[in-house]
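# Quick check, what structure comes out for this input:
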Amino acid sequence: MDSLNNKINTSIKSLNFETLQPSELYAPVDYILSLGGKRIRPILVTMACKLFCGDGSKAIPQAAAIELFHNFTLIHDDIMDEAPTRRSKPTIHTKWDLNTGILSGDVLMMKAYERLADCDSKYLAEVLRVFNSTGILVCEGQQLDINFETRLDVTTDEYIEMITLKTAVLLEGSLKVGAIIGDGSKDNIKLLGQFGVNLGIAFQLQDDILDAYGDPDKFGKQVGGDIFANKKTILLITALNSKTTNKDELLSLLELKDGSKVEKILEFYKKSNAKQIAINLRDQYFSKAINFLTQVEGSDQDKQFFIDMANKLQVREV
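Presented below is the predicted three-dimensional model:
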């Protein structure tokens, strides 16, 4: 896996964003890519390819494309959330400005298409179909997230639908793209995609938990940022719908702008058992993911990689 990860990073580095002009456009792109990250999605692309054909390097360009697309979504998401930090560093719109953030995200999207199309023509149509449908669903999920900002009656089912679209489908798409390049069968591609969807939901639920309870030095983002922004996370939705909650009091806290807001709302989470409920829900989707994975054809050794990754994501601190 390390060699594949190195090849992904080399492929991205070969785009030479630091040398392209105008530098005002490309320097921010080079900046966000240099911040690193876990590279989960591109690794899923290469390992899905390897699972079916034994050679994950066949999908390196598509893995790079997925990583570029992912960073495009992060830049625009940070703008919409007015997030000050990403991976413990200033976000692009904070370090530069709003217009730069929008443009640098846009050019990343176009560069993603360049990398994506670098494959045998027999795969291209299906790869593009999966990539485009994934991108559309991510946008739909982001719009639902925005819609939730003005709603106080969001249900758990609605929230799961939103994070499925906004977060989980990109893991599904990553696995499907890699499996296509690896000549996986339609049934195996579908099963592996379902593994990705359920793992992605569990991943986002863990992200919600970490936002409220994580170590800021490990998490890489502002802890409590979702609380400050009144994001409808699984924790807030659980607290709002709990019979133990004085809803009027909790709603009044959402209007606060000072530093006491996080601590006070965390008390509501504690009373409503929101953290444990979120953990239980996370574990349910994790189990679903593993169940789908067991049905996928392939070597036990290669499938063990996905199990190990899922285990790490389930208990991650960053």
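# could you pull out the strands for the stretch 201-318 of the chain?
Listed from the start of the chain, the stretch 201-318 of the chain has no strands (DSSP state E, counting those that start in this stretch) to report.
# same deal with the stretch 51-200 of the chain?
Using DSSP E, counting those that start in this stretch, the strands of the stretch 51-200 of the chain run over residues 85-86, 89-90.
# CSV please, covering the ones you listed and showing mean pLDDT.
Below are the strands of the stretch 51-200 of the chain laid out as CSV (pLDDT from 0 to 100):
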stretch, mean pLDDT
strand 85-86, 88
strand 89-90, 93
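# Please work out which of the ones you listed is packed deepest.
A comparison of the strands of the stretch 51-200 of the chain by mean neighbour count, using mean count of other CB atoms under 10 Å, puts strand 85-86 on top with a mean of 18. (Each C-beta comes from the backbone N, C-alpha and C, glycine too.)
# what pairs with it, and is each one parallel or antiparallel?
Pairing partners of strand 85-86, with direction, according to DSSP bridges: strand 89-90 (antiparallel).
# just how off-centre is the partner strand within its chain?
Going by CA atoms, centre = their mean, to the nearest Å, the spacing between the C-alpha centre of strand 89-90 and its chain's C-alpha centre is 18 Å.
# Need the residues that contact it.
Contacts of strand 89-90 from elsewhere in the structure, counted by CB atoms under 8 Å, 6 or more residues apart in numbering, are 35, 84, 95.
# out of those, which one sits closest to residue 45?
Closest approach to residue 45 among the contacts of strand 89-90 (CB to CB): residue 35, at 20.0 Å.
# any idea how far the nearest residue to residue 226 once chain neighbours are set aside lies from residue 225?
Taking CB to CB, 6 or more residues apart in numbering as the measure, residue 226 lies nearest to residue 211, with 4.5 Å between them; neighbours along the chain are not counted. From residue 211 over to residue 225 the distance is 6 Å, taken as CB to CB, to the nearest Å.
# what does residue 125 give?
Shown here: residue 125 relative to residue 225, a distance of 40 Å by CB to CB.
# okay, the two: which has more neighbours?
Set side by side, residue 125 and residue 225 show more neighbours around residue 225, with 19 against 10, by other CB atoms under 10 Å.
# can I assume residue 277 is in contact with residue 238?
Yes - proximity of residue 277 to residue 238 meets the contact threshold set by CB atoms under 8 Å, at 5.1 Å.
# Between those two, tell me which one has more neighbours.
Applying other CB under 10 Å to residue 277 and residue 238 shows that residue 238 carries more neighbours, namely 23 against 18.
# Could I get the buried residue list for stretch 13-28?
Of the residues in stretch 13-28, 15, 17, 26, 27, 28 count as buried by neighbour count, 16 or more other CB atoms under 10 Å.
# Please apply the same query to stretch 208-218.
By neighbour count with 16+ other CB under 10 Å, stretch 208-218 contains the buried residues 208, 209, 210, 211, 212, 213, 214.
# wait, the second one sits on residue 278?
When you say that, I think you mean residue 209. Yes - in this structure residue 209 lies within contact range of residue 278 using CB under 8 Å: 5.4 Å.
# joint contacts of those two?
residue 235.
# give me every residue that touches residue 15.
Listed by CB under 8 Å, 6+ apart, the contact partners of residue 15 are residue 111.
# Three-state assignment for it, please.
Under DSSP: H, G, I helix; E, B strand; the rest coil, residue 15 falls in the coil class.
# shift numbering so it begins at 28
That works, and once the first residue is 28, the last one we named lands at residue 42.
# What residues sit buried inside stretch 318-333?
For stretch 318-333, the neighbour count (16+ other CB under 10 Å) marks 319, 320, 323, 325, 329, 330, 332, 333 as buried.
# on that earlier part again, can you list the strands of the stretch 78-227 of the chain in a markdown table and add distance to residue 183?
Rendered in a markdown table, the data for the strands of the stretch 78-227 of the chain read as follows (distance: least, CB to CB, whole Å):
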| stretch | distance to residue 183 |
| --- | --- |
| strand 112-113 | 28 |
| strand 116-117 | 33 |
